[in-house]
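In: okay, predicted coordinates and the sequence, questions at the end:
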Amino acid sequence: MFIDRQKIFAKAGDGGHGCVSFRREKFIEKGGPDGGNGGDGGDVILVADKNANNLVDLYYKPRLVAERGAHGQGKRKQGRSAQSLIIKVPCGTVIRRLEFTPLAGCKLMVKGEAHLAGTDVEKERRGRTLKVLPARATDTDIVADLVTEGQQVVLCRGGRGGRGNCTFTSSTHQAPREFEMGELGEVGEFELTLKIIADVGLVGYPNAGKSTLLSQLTAAHPKIAPYPFTTLTPQIGVTYFEDLAKLTIADIPGLIEGAHDNVGLGHDFLRHIERCRLLVLLLDMAGVDNRDPIDDYRQLLKELEFYNPTMLKKPRLIVANKMDLPDAATNLKRFKRRFRRKVVEISALESSGLEKLKTVLRSLRAG
């Protein structure tokens, strides 16, 4: 299962309460206050991991709840601070804060005042602070963009532990019974979106041969069949060279006209090549499905430009596939007369021209 978009609920741990205690030992009539402080609650942290390739773990566990801190105890024993909850996500994960509503129509009662669920609240309640992350946020409210290995973000911070009565001691107040309750941990709802990071992105219309090419260049095993939309989720493969250099190649599902307007889940597919360093426009030069490669090339550029104009600034390579079929040579001549650009000729099915393609890909990637 490939999951590239997932909503999660995150709740940091509450802080432990401070303790009210007095030292009581034999022959010590008035030992004084010895209540310890509470421990801090655990944070919720997301960390980018190169070994993760999608968000399937969060699909099965969308609620991230960290532990709370331990309460303080007598004899000045401090409560144990909770460990942070660390979740690994793939490199290229974008995190957005969403509107948070704990329960539809419920109200938060803070110091006798009613607040609609999801509004900004930070009130003192018997020394305890209730923190709710901003509820009303647009879908473009990006919290973090985890790109590099080991990069991390604290989604929700744990509450601070409350103070025990020993911290309230003074020269004029030697037997305090005051204490603090631990702060509540932050809480919020987020949406995680994966944008695959790869060296090369394969772009083309359905049935152009992208999956076949990926299986020939790498050890990936995508589903291959002679009908459109065989590939429904992005596929990643790695091709190696003799000097142990490597290229990661991403195959996204075929685009159709209007993909920039999210026709045919266009946005879900196009965002996976936003971070590819090199785009390979794979054309069915034989026109097997009664398509014209010239029109396909123009339409692909149009969809990329409408979706994000910066996509056309990326290095790109035109690859003519299915050159083993009869009409491919004639269509290629027409294509070269119309567009004065370098075209690499291959046949992914017969594995011809692939070594030249790998050499060109490496040179363009290095440049």
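Out: Thanks, I have it.
In: so for stretch 63-83, first residue to last residue, what's the gap.
Out: Here the two ends of stretch 63-83 are set 17 Å apart, with distance taken as CA to CA, to the nearest Å.
In: how many neighbours does residue 312 have?
Out: Residue 312 has 12 neighbouring residues, counting by other CB atoms under 10 Å. Quick note: C-beta positions are derived from backbone N, CA and C, even for glycine.
In: per-residue confidence for it?
Out: Confidence at residue 312, expressed as pLDDT, is 86.
In: quick one, phi/psi of the residue lying closest to it once chain neighbours are set aside?
Out: Leaving aside its chain neighbours, residue 312 sits nearest to residue 305 (5.5 Å; criterion: CB to CB, 6 or more residues apart in numbering). Dihedral pair for residue 305: phi -70, psi -40, per degrees, to the nearest 10.
In: any idea where the strands of the stretch 51-200 of the chain begin and end?
Out: Taking DSSP state E, counting those that start in this stretch, the strands of the stretch 51-200 of the chain run over residues 63-65, 85-90, 93-97, 107-110, 113-116, 124-125, 128-129, 142-146, 152-156, 187-194, 200-203.
In: okay, the residue nearest in space to the middle of the chain: pLDDT?
Out: Note on the chain: the residue nearest the mean C-alpha position is residue 93, at 2.1 Å, using CA atoms, centre = their mean. With respect to pLDDT, residue 93 has a value of 92.
In: surely it meets residue 192?
Out: Yes. With contact defined as CB atoms under 8 Å, residue 93 and residue 192 form a contacting pair (5.6 Å).
In: quick one: common contacting residues for those two?
Out: The contact sets of residue 93 and residue 192 overlap at residue 55 (CB atoms under 8 Å, 6 or more residues apart in numbering).
In: how about stretch 29-39: buried residues?
Out: Across stretch 29-39, burial judged by 16 or more other CB atoms under 10 Å covers 33-39.
In: need the residues that contact it.
Out: Stretch 29-39 has contacts (CB under 8 Å, 6+ apart) with 15-25, 69-82, 161-169, 174-176, 179-180, 182.
In: per-residue pLDDT, residue 145?
Out: On the pLDDT scale, residue 145 is placed at 90.
In: single out the most deeply packed of the strands of the stretch 51-200 of the chain.
Out: Comparing those by mean neighbour count (mean count of other CB atoms under 10 Å), strand 200-203 ranks first with a mean of 26.
In: show me where the stretch 51-200 of the chain has its helices.
Out: In the stretch 51-200 of the chain, the helices defined using DSSP state H, counting those that start in this stretch lie at 56-60.
In: can you pull the contacts of the closest residue to residue 308 other than its chain neighbours?
Out: Nearest-residue entry for residue 308: residue 274, 6.5 Å, with adjacent residues in sequence omitted and distances by CB to CB, 6+ apart. Contacts of residue 274 were listed using CB under 8 Å, 6+ apart, and they are 195, 308, 311.
In: what about the nearest residue to the last one once chain neighbours are set aside, how many neighbours?
Out: Counting by CB to CB, 6+ apart, residue 304 is the residue found nearest to residue 311 once chain neighbours are left out, at 4.2 Å. A count of nearby residues for residue 304, using other CB under 10 Å, gives 23.
In: helix, strand or coil for residue 304?
Out: Of the three states, residue 304 takes helix according to DSSP: H, G, I helix; E, B strand; the rest coil.
In: got it, and residue 357?
Out: Going by three-state DSSP: residue 357 is helix.
In: surely it is in contact with residue 342?
Out: No. Using CB under 8 Å, residue 357 is not in contact with residue 342, being 11.8 Å away.
In: between those two, tell me which one has more neighbours.
Out: Taking neighbours as other CB under 10 Å, residue 357 and residue 342 compare with residue 357 leading, 21 against 9.
In: which of the buried residues of stretch 29-39 sits closest to residue 335?
Out: The shortest approach to residue 335 among the buried residues of stretch 29-39 belongs to residue 39, at 68.5 Å (CB to CB).
In: ok, and the closest non-adjacent residue to the closest one?
Out: For residue 39, ignoring the flanking residues on the chain, the nearest one in space by CB to CB, 6+ apart is residue 69 at 3.2 Å.
In: quick one, what contacts the one you found?
Out: Residues in contact with residue 69 (CB under 8 Å, 6+ apart) are 13-16, 38-42, 79-82, 158-159, 161, 182.
In: which of the residues you listed are buried?
Out: Among those, those scoring as buried are 13-16, 38-42, 79, 81-82, 158-159, 161, 182 (criterion: 16+ other CB under 10 Å).
In: related to what we said a few turns ago, how about the strands of the stretch 51-200 of the chain in a markdown table, adding distance to residue 295?
Out: Output for the strands of the stretch 51-200 of the chain, formatted as a markdown table (distance: least, CB to CB, whole Å):
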| stretch | distance to residue 295 |
| --- | --- |
| strand 63-65 | 48 |
| strand 85-90 | 35 |
| strand 93-97 | 33 |
| strand 107-110 | 58 |
| strand 113-116 | 54 |
| strand 124-125 | 66 |
| strand 128-129 | 62 |
| strand 142-146 | 36 |
| strand 152-156 | 44 |
| strand 187-194 | 32 |
| strand 200-203 | 15 |
